[in-house]
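In: 3D model of this:
(one chain, ligands or ions: 1)
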Amino acid sequence: MGHIFVIAEHRNGEIRDITFEMLQKAGALAQDLSCNVTAVLLAGPGETFADDLAKWADQVLVLEDERIKTYDSDFYTGIVAALVKEQQPLLTLMGHTSWGMDYAPAVAARTGYPLATDATDILLEDGFPRVIRQMYGGKLFSRVSFSPSAGYMITVRPGAFQADGAGEKSGEVVSQTLPEGLESPRREFLEFEDTAAGDVDITQADFLVSVGRGVGDADNIGTVQELADLLGGTLSCSRPVVDKNWLPKYHQVGTSGKSVKPKVYLALGISGAFQHVAGIAGADCVIAVNKDKKAPIFRVADYGIADDLFTVVDALKEKTKSG
Ligand SMILES: Cc1cc2nc3c(=O)[nH]c(=O)nc-3n(C[C@H](O)[C@H](O)[C@H](O)COP(=O)(O)OP(=O)(O)OC[C@H]3O[C@@H](n4cnc5c(N)ncnc54)[C@H](O)[C@@H]3O)c2cc1C
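Out: Numbering: from 1, shown residues only. Model prediction:
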């Protein structure tokens, strides 16, 4: 029986969400392919992640070593490539994260397996994987097929799949020794430096009022902040707002900012690039205001208003004050 590899990601003592998202999708694919899911964990000695992964996989392969306590590009490439060559999984899923973008192409080059990156969906056609990817900032979807191979590799976009529940499997945990002949790493991990926590925690907010580049100018942030205050919401933003120094980094939602899970996410002048939308996958209700009715944000919005954000902000303020 073939199997699907999912390469786990963890940071600062926690398994990252992308791991469970990939395991959820791998489980669905494995059912259709009648094969098993193997989570592959590279960790420091004594880490306790394997039990969490066992709830989502038929098998957890654990490779423990002080040198892989934290991510290292050379070790990950060497170890994953050796495991893939040895065990020949039909599919290998890796996160389309700073890790996966770094080591997945190197693993593909070493194994000769074809790689499709940044999958937002994985389909099966006649038993062969097909990958859906977005192009032009989410305006087009492409369907990617692979040249025939013994195995295929895919990096998966964070937030593309939902990991529901706590996992219902009880996979076998198997310790594996590190492959021999690993190259010495060319860099050294020093420390994690977290972004400043700031005076608001957008990850805990129930109602986020979020501004994008469409707000136009730093001076216009004030009127949106007023609306947020009136509605009891917390201000968040897209990355360009931070890049332009209109708001501090701790307000930023998205793949290089924070993932949020509010009950309501009000997006004002945000186009809906995937790096942003990945951060709001956990929102219960998304309301988008954008003057471009074809903006990609409307694809993920539960409610959409195609209008100038300032008209909507003023109207909401008026209504709240009078109401
Ligand atoms: C590695 C990497 C990581 C990234 N990480 C993140 C991240 O974590 N978070 C993030 O947000 N982005 C991130 N980005 C950037 C991302 O690709 C987009 O560029 C960004 O999300 C766009 O922000 P925006 O929607 O505010 O701006 P734009 O894409 O410029 O959209 C502005 C929108 O405002 C609308 N608009 C303009 N004026 C008005 C008005 N008066 N009223 C109503 N609507 C109006 C426009 O129609 C447009 O749709 C990342 C990019 C890379 C390459």
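In: what parts of the stretch 151-300 of the chain come near the ligand?
Out: Residues of the stretch 151-300 of the chain lying close to the ligand (Cβ under 6 Å from any ligand atom) are 212-214, 238-240, 252-257, 269-271, 273, 275-276, 289-292, 295. The way it works is simple: take the backbone N, C-alpha and C, and place the C-beta from them, glycine included.
In: which of the residues you listed count as buried?
Out: 212-214, 238-240, 252-255, 257, 269-271, 273, 275-276, 289-290, 295 (16 or more other Cβ atoms under 10 Å).
In: take those residues and keep only those in helices.
Out: Arg239, Pro240, Gln275, His276 (DSSP state H).
In: could I get the residues you listed in TSV, plus columns for pLDDT and distance to Gly159?
Out: Formatted as TSV, those follow (pLDDT from 0 to 100; distance: Cβ to Cβ, whole Å):
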residue	pLDDT	distance to Gly159
Arg239	95	15
Pro240	97	19
Gln275	86	10
His276	93	10
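In: if we take those, which one ends up nearest to Gln31?
Out: Gln275 (30.7 Å; Cβ to Cβ).
In: returning to what we had before: now for the ones in helices among the buried ones among the residues of the stretch 151-300 of the chain next to the ligand: which two are most distant?
Out: Among these, Pro240 and Gln275 lie farthest apart (Cβ to Cβ), at 10.9 Å.
In: can you list the buried residues in stretch 205-213?
Out: So for stretch 205-213, counting by 16+ other Cβ under 10 Å, buried means Ala205, Leu208, Val209, Ser210, Val211, Gly212, Arg213.
In: with stretch 11-22 instead?
Out: Neighbour-count burial for stretch 11-22 [16+ other Cβ under 10 Å]: Ile15, Arg16, Asp17, Ile18, Thr19, Phe20, Glu21, Met22.
In: what's the first-to-last distance across it?
Out: 16 Å (Cα to Cα, to the nearest Å).
In: now do stretch 189-203
Out: 27 Å.
In: ok, stretch 160-172 next?
Out: Terminal residues of stretch 160-172 are spaced 27 Å apart (Cα to Cα).
In: could you give the mean pLDDT of it?
Out: For stretch 160-172, mean pLDDT rounds to 85.
In: one more: stretch 24-37?
Out: On average, stretch 24-37 scores 96.
In: need the residues that contact that stretch.
Out: By Cβ atoms under 8 Å, 6 or more residues apart in numbering, the list of residues contacting stretch 24-37 from outside reads 1-4, 6, 23, 56-59, 90-91, 93, 122, 124, 127, 129, 156, 160-164, 169, 171.
In: 7 Å instead, please
Out: Here stretch 24-37 makes contact (Cβ atoms under 7 Å, 6 or more residues apart in numbering) with 1-4, 6, 23, 56-59, 90-91, 93, 122, 124, 127, 156, 161-164.
In: ok now that stretch, how far from the chain's centre?
Out: Remark: stretch 24-37 is offset 20 Å from the chain centroid, using Cα atoms, centre = their mean, to the nearest Å.
In: only alpha carbons, please: show that stretch as CSV.
Out: In CSV, the C-alpha atoms belonging to stretch 24-37 read as follows (Å, rounded to 0.1, in the frame of the first residue of the first chain):
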residue,chain,number,x,y,z
GLN,A,24,-6.7,16.9,7.0
LYS,A,25,-6.3,17.1,3.2
ALA,A,26,-4.0,14.1,3.2
GLY,A,27,-6.6,12.1,5.1
ALA,A,28,-9.2,12.8,2.5
LEU,A,29,-6.9,12.0,-0.4
ALA,A,30,-5.7,8.8,1.3
GLN,A,31,-9.3,7.6,1.5
ASP,A,32,-9.8,8.0,-2.2
LEU,A,33,-6.4,6.4,-2.9
SER,A,34,-6.8,3.6,-0.3
CYS,A,35,-3.5,4.5,1.2
ASN,A,36,-2.0,5.6,4.5
VAL,A,37,-1.0,9.0,5.8
